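Novice: this one's sequence-less:
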């Protein structure tokens, strides 16, 4: 099933995540990226969709965040599976469950993979997500991939959503770019947002930095 993008404003641009697609969600140090992935996972869990979360940090931290942001039922959901990994060299059945597969941080877990090994891993993920109608979210950290690996990930992904921040005349400006999306779509504009740790507030007014 499709997963609604329940972020007001952004949902008018990308209303849903369609099953069977592999998407890259990239950012620098901004924690909004991981919050956005958790937001999508909570939406999926609330709809009874199986969620598999592969993480490079303490799973207790993730469970605590899900509990705070979505309530105790999210943390204790029977369709939530969390695996804490140090590396990801190949598929070990993580995407077999279908539903939503979220990997954060994919760039950290594949840090030691050269592009020649990263590409087959991503192709395997694409094939599996289409066969199982799984939605795959790969959270990546800008600057962690070497340039060729970053190019491989962007090329093989069905869609790319990037969180950016930049100093402007009025202070730090945050904006989202969607250079590539499913069915050949893209968004030729900056989508500005504010993030206070609890919600992503989209501002659809056009501004120039």
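Specialist: Sure, I can see it. As the structure is a prediction and not an experimental result, all values here were calculated from the model.
Novice: and the strands in this protein, which stretches?
Specialist: Counting by DSSP state E, the chain has strands at residues 3-4, 16-17, 22-27, 51-55, 80-84, 100-104, 135-141, 159-168, 171-180, 187-195, 200-203.
Novice: quick check: residue 166 touching residue 192?
Specialist: No - the pair residue 166 / residue 192 is not scored as a contact, 10.7 Å apart, by CB atoms under 8 Å. Using the backbone N, CA and C atoms, a C-beta is placed for each residue, glycine as well.
Novice: relative to residue 111, which of the strands of the chain is closest?
Specialist: Minimum separation from residue 111 across those (CB to CB) falls at strand 135-141, 9.7 Å.
Novice: what angle separates the closest one from strand 51-55?
Specialist: Angle between the axes of strand 135-141 and strand 51-55 is 20 degrees (criterion: axes from the mean of the first three to the mean of the last three CA atoms, to 10 degrees).
Novice: sheet-wise, list the partners of strand 135-141 with their directions.
Specialist: Strand partners for strand 135-141, identified by DSSP bridges, are recorded as strand 22-27 (parallel), strand 100-104 (parallel).
Novice: work out the gap between the last one and the centre of the chain.
Specialist: Here the centre of mass of C-alpha atoms in strand 100-104, compared against the chain's by CA atoms, centre = their mean, to the nearest Å, lies 7 Å away.
Novice: and the contacts of that strand?
Specialist: Strand 100-104 has contacts (CB atoms under 8 Å, 6 or more residues apart in numbering) with 3, 33-34, 37, 40-41, 44, 49-56, 88, 94-95, 109, 129, 134-139.
Novice: got it, and the longest one?
Specialist: Outside of strand 22-27, the residues that reach it under the criterion CB under 8 Å, 6+ apart are 17, 33, 36-37, 106, 122, 125-126, 129, 135-142, 153-154, 156-164, 182.
Novice: list the contacts for the nearest residue to residue 111 once chain neighbours are set aside?
Specialist: With CB to CB, 6 or more residues apart in numbering as the measure, residue 144 is the residue that lies nearest to residue 111, at 6.6 Å, once sequence neighbours are left out. Residue 144 makes contacts with 105, 107, 108, 111, as judged by CB under 8 Å, 6+ apart.
Novice: next: residue 186.
Specialist: If you count contacts by CB under 8 Å, 6+ apart, residue 186 has them with 178, 179, 180.
Novice: the residue nearest to residue 129 when sequence neighbours are not counted: what's it in contact with?
Specialist: Leaving out its chain neighbours, the residue that sits closest to residue 129 by CB to CB, 6+ apart is residue 136, at 4.8 Å. For residue 136, the contacting residues are 21, 22, 23, 95, 100, 101, 103, 125, 126, 129, by CB under 8 Å, 6+ apart.
Novice: so residue 97 makes contact with residue 49?
Specialist: No - here residue 97 lies out of contact with residue 49, judged by CB under 8 Å, at a distance of 10.0 Å.
Novice: what about the two, which has more around it?
Specialist: The neighbour comparison of residue 97 against residue 49 (other CB atoms under 10 Å) goes to residue 49, with 18 against 15.
Novice: what is the burial count for the nearest residue to the more buried one once chain neighbours are set aside?
Specialist: In space, and not counting its chain neighbours, residue 49 is closest to residue 99: 4.6 Å by CB to CB, 6+ apart. Look at residue 99: counted by other CB under 10 Å, it has 24 neighbours.
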